[in-house]
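S.K.: let me see the structure of the following:
(2 chains)
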2 protein chains.
Amino acid sequence: MNEQPKIAVLGGGSWATAIVKMLTENLNTVGWYMRNAAAIDHIKRNHHNPKYLSSAEFNPTQLDLTKDINKIVAKYDILIFAIPSAFLVSELEKLTKPLKGKIIFSAIKGIVPETGLIVGEHFHKNYDVPLENIGVITGPCHAEEVAMERLSYLTIACQNQENAKLMSKSLKSWYIKTKISDDIIGAEYASMLKNIYAVAAGIAHGLGYGDNFQAVLMSNGIREMKRFIKKVHKMKRNINNSAYLGDLLVTGYSLFSRNRQFGNMIGKGYTVKSAQMEMSMIAEGYYATKSAFKMKEENGANTPIIDAVFNVLYNNKDAKKEFKKLTNKLD
Amino acid sequence: MNEQPKIAVLGGGSWATAIVKMLTENLNTVGWYMRNAAAIDHIKRNHHNPKYLSSAEFNPTQLDLTKDINKIVAKYDILIFAIPSAFLVSELEKLTKPLKGKIIFSAIKGIVPETGLIVGEHFHKNYDVPLENIGVITGPCHAEEVAMERLSYLTIACQNQENAKLMSKSLKSWYIKTKISDDIIGAEYASMLKNIYAVAAGIAHGLGYGDNFQAVLMSNGIREMKRFIKKVHKMKRNINNSAYLGDLLVTGYSLFSRNRQFGNMIGKGYTVKSAQMEMSMIAEGYYATKSAFKMKEENGANTPIIDAVFNVLYNNKDAKKEFKKLTNKLD
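M.R.: Below you'll find the model as predicted:
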């Protein structure tokens, strides 16, 4: 690239770190905001993020690290948000600079808990970012495998296909293949819903269901996802593309997925509160379940899996009984 | 059931044993043919199959065991074949009784190597069994989980829906749910093709590809399967139903799948011959690949995954190079 795009990543977790790594394959300088000053120092000194994805090595001269979110927003044209959705609102409250003129990509797999909006909508409604300047980066992609430089495929969705192409070009490398899409709404909802199905897979596993049932759950899950997304935003899409089915599978079959782990604890008898305390964090799927259930009440989609997870997490229903009822609704 | 259907299972392996177990939940007597006389004695004395699925316990008074295939065919109206496809022809050569008046269900996940036909077609063309009396029993279902009485879902496909219902009623129990379908061709091809994708998943794993790629492979696999089956038998079917997608997932994600193990050895550098000798058996996916490749040459389906597996297994192509090429055709 002759003139390189000015791209920054916001977030200090595994996925943010993986995205920075992908960008450093193409860009001389990548902006990187994280709130943890000690982690920034560690990266500068030791060339890797101390707590997250620490096997990914960086050349610090390529990184423009700062704990000042406003500096990043002022300096960079394209901002990739990879902050857990639970912290997005509090991070954005620090902003004194407008986001209006920026191109925003969301790499957040969830819903903004305070507003119940998917991330793209949150930026559009609350920060006046035009829809054509909002995009989504989606998997199937475990950050850990990016660190290992194992071949992974990303889908970059944006209404404005030029923005999608630019992001695609900035992320791809010998171990990253990219595909562009104009289905930003579908990609975001798939990203959010898959976490609920991963929680469901975890609950089922915790209750003692096996691989045969897991395959049935995923097969019903993708059909349910299709019905849900169709109600939200009807367009021609192949739900079996990697951004939807692939993303569901990589999460639903991953033993490392925090959502699956959270579900597994619930299935084994932990209360929601004790599972959250044990994990010292809140799985994205927890919030996603509440929002998705509310939405399906409004749009009338038939979603037996989301309903069962909602009843277990929010209505204090017994997981064993609720999943037994669910098994009669699947086929 | 007042008058119980006269059902027999032919085969002595894990899947045959699992089906016998399911039937004993409903029937007073189940016919069971296997060629191994020592195994029959063992079952009678010790109440379980010695080599396959030995954790499944039987009440021998419920079993009508014999090593005489003609006795079974004479005595039973409904015959469930669960013999590995590689041995089907030689077993059928023992027949002196006609199959014409029988109802035949195939629980064989493969292609008859000698004729390149799916099992239903083989019985129809070579034994004059009318199509309405031919059915298929399909998963997603590991036999091992049936032995453990873990909830599993079967699809029973038959043109004649009365036959499907009868079989469905005979197999279902508190741990087996059944669904009927009229898509016998689709169910058989899905059953066969999934083994090729499991070989592909194994090769990829053996070559060092990770979970991100596996999700992409399965997402492309189900789309490829849809294209292939549509060319063979076009009808309205939801490829994401459990009999197609579920069956693909349970096999493709299983570390115990013989097809995946076979592929894994190929990916790690074994020759086809040494992998087969090491496994002391031939994976169904090996034959399926040859037949599927031949069929797609005729019907023109776009099948990059089948092509790559074919080139590795039959054209002596280097797995690493072939899969590198394949990665550029997936998305």
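
S.K.: distance check, the residue nearest to A:Asn241 when sequence neighbours are not counted against A:Ala215.
M.R.: Nearest non-adjacent residue to A:Asn241, counting by CB to CB, 6 or more residues apart in numbering or on different chains: B:Ser219, 6.5 Å away. Every residue, glycine included, has its C-beta placed from N, CA and C. Computed as CB to CB, to the nearest Å, the B:Ser219 to A:Ala215 distance reads 15 Å.

S.K.: repeat for A:Leu249
M.R.: In terms of CB to CB, A:Leu249 sits 11 Å off from A:Ala215.

S.K.: hey, what's in contact with both of the two?
M.R.: With contacts taken as CB atoms under 8 Å, 6 or more residues apart in numbering or on different chains, the residues that reach both A:Leu249 and A:Ala215 are B:Leu249.

S.K.: confirm that the residue nearest to A:Asn241 sits in a strand.
M.R.: No: checked against DSSP: H, G, I helix; E, B strand; the rest coil, B:Ser219 lies outside a strand; its state is helix.

S.K.: what sits against it?
M.R.: A:140, A:240-242, A:245-246, A:249.

S.K.: kindly recompute the last result at 10 Å.
M.R.: With contacts defined as CB atoms under 10 Å, 6 or more residues apart in numbering or on different chains, B:Ser219 is in contact with A:140, A:153, A:222, A:238-250, B:330-331.

S.K.: so where's the stretch 51-200 of chain A uncertain?
M.R.: Under the criterion pLDDT under 70, no range of the stretch 51-200 of chain A is flagged.

S.K.: can you name the residues of it that neighbour chain B?
M.R.: On the criterion CB under 10 Å from any CB of the partner chain, chain B has as its neighbours in the stretch 51-200 of chain A the residues A:139-146, A:148-155, A:175-179.

S.K.: and the buried ones among those, selectable in ChimeraX?
M.R.: Written as a ChimeraX command, the selection of buried residues from these, which uses 16 or more other CB atoms under 10 Å in any protein chain shown, is:
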select /A:139,140,141,142,143,144,145,146,148,150,151,152,153,154,155,175,176,177,178,179
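
S.K.: mind checking which of the residues of the stretch 51-200 of chain A next to chain B are in helices?
M.R.: Taking DSSP state H, the ones among those that sit in helices are A:143-146.

S.K.: of these, which is the nearest to chain B?
M.R.: Out of those, the one with the shortest distance to chain B is A:Glu145. That distance is 4.5 Å, counting by CB to the nearest CB.

S.K.: and stretch A:198-217, which residues are buried?
M.R.: Residues of stretch A:198-217 classed as buried: A:198-207, A:209-217 (neighbour count, 16+ other CB under 10 Å).

S.K.: might you report the residue contacts of the residue nearest to A:Asn26 when sequence neighbours are not counted?
M.R.: Distances taken as CB to CB, 6+ apart put A:Ser170 closest to A:Asn26, at 5.3 Å, once the chain neighbours are dropped. By CB under 10 Å, 6+ apart, the contact list for A:Ser170 reads A:1, A:4-5, A:7, A:19, A:22-23, A:25-27, A:30, A:78, A:80, A:156, A:178.

S.K.: can you say which helix or strand has the most centrally placed residue in chain A in it?
M.R.: The centroid of chain A falls nearest to A:Lys109 when counting by CA atoms, centre = their mean (1.8 Å). In this structure, A:Lys109 is located outside every helix and strand according to DSSP states H and E.

S.K.: show me the contacts for the nearest residue to it once chain neighbours are set aside.
M.R.: Nearest non-adjacent residue to A:Lys109, counting by CB to CB, 6+ apart: A:Ser191, 4.5 Å away. For A:Ser191, the set of contacting residues under the criterion of CB under 10 Å, 6+ apart consists of A:106-111, A:118-119, A:136-139, A:155, A:157, A:243-244, A:247-248, A:251, A:284, A:288.

S.K.: quick check: domain ranges of chain A?
M.R.: What the record gives for chain A is the domain set A:7-182, A:186-327, from automatic domain parsing.

S.K.: end to end, how far does the longest one reach?
M.R.: Looking at domain A:7-182, the gap from its leading to its trailing residue is 21 Å under the measure CA to CA, to the nearest Å.

S.K.: returning to what we had before: gap between the residue nearest to A:Asn241 and A:Glu132?
M.R.: 28 Å.

S.K.: kindly report the same for A:Ile78.
M.R.: 13 Å.

S.K.: one more: A:Asp318?
M.R.: Computed with CB to CB, the distance linking A:Asp318 and A:Glu132 is 47 Å.

S.K.: quick one: the strands in chain A?
M.R.: Counting by DSSP state E, the segments of chain A that form strands are A:7-10, A:30-33, A:63-66, A:78-81, A:103-106, A:111-112, A:117-118, A:134-138, A:152-158, A:176-181.

S.K.: which one of those strands lies nearest to B:Ser280?
M.R.: Taking CB to CB as the measure, the strands of chain A were each checked against B:Ser280, and strand A:152-158 came out nearest at 36.0 Å.

S.K.: need the CA coordinates for the closest one. PDB is fine.
M.R.: The C-alpha coordinates for strand A:152-158 follow below in PDB (Å, rounded to 0.1, in the frame of the first residue of the first chain):
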ATOM      1  CA  SER A 152      -8.400 -18.500   9.700                       C
ATOM      2  CA  TYR A 153     -11.100 -16.900   7.600                       C
ATOM      3  CA  LEU A 154     -12.700 -13.600   8.500                       C
ATOM      4  CA  THR A 155     -15.800 -11.900   7.100                       C
ATOM      5  CA  ILE A 156     -15.800  -8.200   6.900                       C
ATOM      6  CA  ALA A 157     -19.300  -6.800   6.600                       C
ATOM      7  CA  CYS A 158     -20.100  -3.200   5.700                       C
END
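
S.K.: quick one: strands adjacent to it?
M.R.: Using DSSP bridges, the strands paired with strand A:152-158 are strand A:134-138 (antiparallel), strand A:176-181 (parallel).

S.K.: how about the ones you listed in JSON lines, adding distance to A:Ile69?
M.R.: Converted to JSON lines, the strands paired with strand A:152-158 look like this (distance: least, CB to CB, whole Å):
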{"stretch": "strand A:134-138", "distance to A:Ile69": "18"}
{"stretch": "strand A:176-181", "distance to A:Ile69": "26"}
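
S.K.: let me know which of these is the nearest to A:Leu255.
M.R.: Distance to A:Leu255, taken as CB to CB, is lowest for strand A:134-138 among the strands paired with strand A:152-158, at 21.1 Å.

S.K.: measure A:Leu245 to A:Glu162 for me?
M.R.: Here the distance between A:Leu245 and A:Glu162 works out to 27 Å (CB to CB).

S.K.: kindly apply the preceding question to A:Lys109 instead.
M.R.: Here the criterion is CB to CB. By it, A:Lys109 lies 25 Å from A:Glu162.

S.K.: repeat that for A:Leu154.
M.R.: Counting by CB to CB - A:Leu154 and A:Glu162 are separated by 17 Å.

S.K.: what do you get for A:Gly139?
M.R.: A:Gly139 sits 23 Å away from A:Glu162 when distances are taken as CB to CB.

S.K.: also A:Val20?
M.R.: 23 Å.

S.K.: the more surrounded of the two?
M.R.: Using other CB atoms under 10 Å in any protein chain shown, the more surrounded residue of A:Val20 and A:Glu162 is A:Val20, with 30 against 11.

S.K.: what does A:Pro98 show for phi and psi?
M.R.: Backbone torsions of A:Pro98, given as degrees, to the nearest 10, read phi -70, psi 150.

S.K.: that one contacts A:Ile104, correct?
M.R.: No: the pair A:Pro98 and A:Ile104 does not pass the contact test of CB atoms under 10 Å, sitting 11.8 Å apart.
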